[in-house]
Structures are given as structure tokens and as C-alpha cells.
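**Student:** how would this look folded up:
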Amino acid sequence: MNATANSAQSVTAANGPLEFLSFTLGKEEYGISIQKVQELRGYDIVTRIANVPEFVKGVVNLRGIIVPIVDMRIKFHLGTPTYDQFTVVVILNVSGRVVGMVVDSVSDVITLSPEQIKPAPDMNSSMASDYLVGLGTIDERMLILIDIDKLMSSAEMGLGNPDLT
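**Tutor:** Next comes the predicted model:
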């Protein structure tokens, strides 16, 4: 069994409905567990930090906490990002850290039953195998469900281990 199928099974193991915050990046709709979301904010000026990956836009001071801001459009190679009145920063609490995630827009909170979450097909891409929980289906909509804990705590994100900072 592949890692994606294991992720889909572990997410649906609770056998109850799950809530996801849905957001858009380009033309695709994604979802992350609502339990990881701390708050939503408009995009604001960030302080750039030298020698960080391009997708780490910088940091902001959020009520005394220095929060790294990651632009998911850059991370997923979805073209040149634009920042407008619809751009949202989703403040996450993942693996004991507060991290901001820039997305094009936030849609709503969607409740999915385990039957609505299907394993993602194995496409031999690092995102599909490591960070994808599965695909959520709601009528004609399809939501790409991301394991935001795994994504934000991966070594390639360059955000470091919270135990070492």
C-alpha cells in the first residue's frame, strides 16, 4: 500500500465527518484540516530574511510572535503570485509552531464524510506521495486535501525544527 493510501486511511480512521478549510491556489481548490487553522488575515508587508527559500516571503510580528510567511503559489510552482484584496494569509499552528500560509483566496469550511475522501492516484510526485491526504469530493467539486503538518515540517520548507529554535 502506498503512503497516500495510508494517509487517506489514517485521516478517515476517525469514522466521523471531518472539517477542512478550503482555499484556492490558481485554478485549483485545496483543503487543510480546520483544526490547524489559528486565524485568517489579509496579506500585509513582510520583513524579508536573507538566505531562505524563495517561497518563504519573510516574517511578520503577530502579537509578539515572529511568524514565517510561506507563499504556497511559489512553493507549488503555480506561476507568479499577485497580491490583492482577495489574498489571504492563513495562520496555522503546526507541529508546535505558528506559520503563515499565503493563498489566493479562502472559500469556506467544508465537512466531508469518510466516504467523500478518496486516495489520490499515485503520480510519482513528491507532493502526491508525501503531503497529500487524498481527494475530497463534493458534488462536482474536487478538493485536494493536504497534510499541512507534514508539508510545513518537512526539511525542504527550511523552517527548522521548533525544538531547536
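**Student:** helices along this structure, start to end?
**Tutor:** All helices of the chain, identified by DSSP state H, fall at 3-12, 72-75, 126-130, 148-153.
**Student:** looking at those helices, which has the lowest confidence?
**Tutor:** Comparing mean pLDDT across the helices of the chain, the lowest value falls on helix 3-12: a mean of 44.
**Student:** show me the shaky parts of the protein.
**Tutor:** 1-15, 123-129, 156-165 (pLDDT under 70).
**Student:** center of it - which residue?
**Tutor:** Nearest to the geometric centre of the chain sits I148, at 4.6 Å (Cα atoms, centre = their mean).
**Student:** show me where the chain has its strands.
**Tutor:** Along the chain, counting by DSSP state E, strands occupy 18-25, 28-33, 37-42, 56-62, 65-71, 88-94, 97-103, 105-112, 117-118, 132-138, 141-146.
**Student:** and L78, which of these is closest to it?
**Tutor:** With distances scored as Cβ to Cβ, the stretch of those nearest to L78 is strand 18-25 (5.5 Å). C-beta coordinates here come from the backbone N, C-alpha and C atoms, glycine included.
**Student:** for the residue nearest to the centre of the chain, give me its contacts.
**Tutor:** I148 is in contact with I32, S33, K36, L92, V94, M101, counting by Cβ atoms under 8 Å, 6 or more residues apart in numbering.
**Student:** greatest separation within those residues: which pair is it?
**Tutor:** Applying Cβ to Cβ across these, the maximum distance is between S33 and M101, 12.8 Å.
**Student:** how much space between K27 and L18?
**Tutor:** 24 Å (Cβ to Cβ, to the nearest Å).
**Student:** now do the contacts for the nearest residue to K150 once chain neighbours are set aside.
**Tutor:** Excluding the flanking residues, the one nearest K150 by Cβ to Cβ, 6 or more residues apart in numbering is Y131, at 5.3 Å. Residues near Y131 by Cβ under 8 Å, 6+ apart: I146, D147, K150, L151, S154.
**Student:** CSV please, covering these and showing distance to A50 and neighbour count.
**Tutor:** Formatted as CSV, the contacts of Y131 follow (distance: Cβ to Cβ, whole Å; neighbours: other Cβ atoms under 10 Å):
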residue, distance to A50, neighbour count
I146, 28, 24
D147, 30, 21
K150, 27, 17
L151, 24, 23
S154, 22, 13
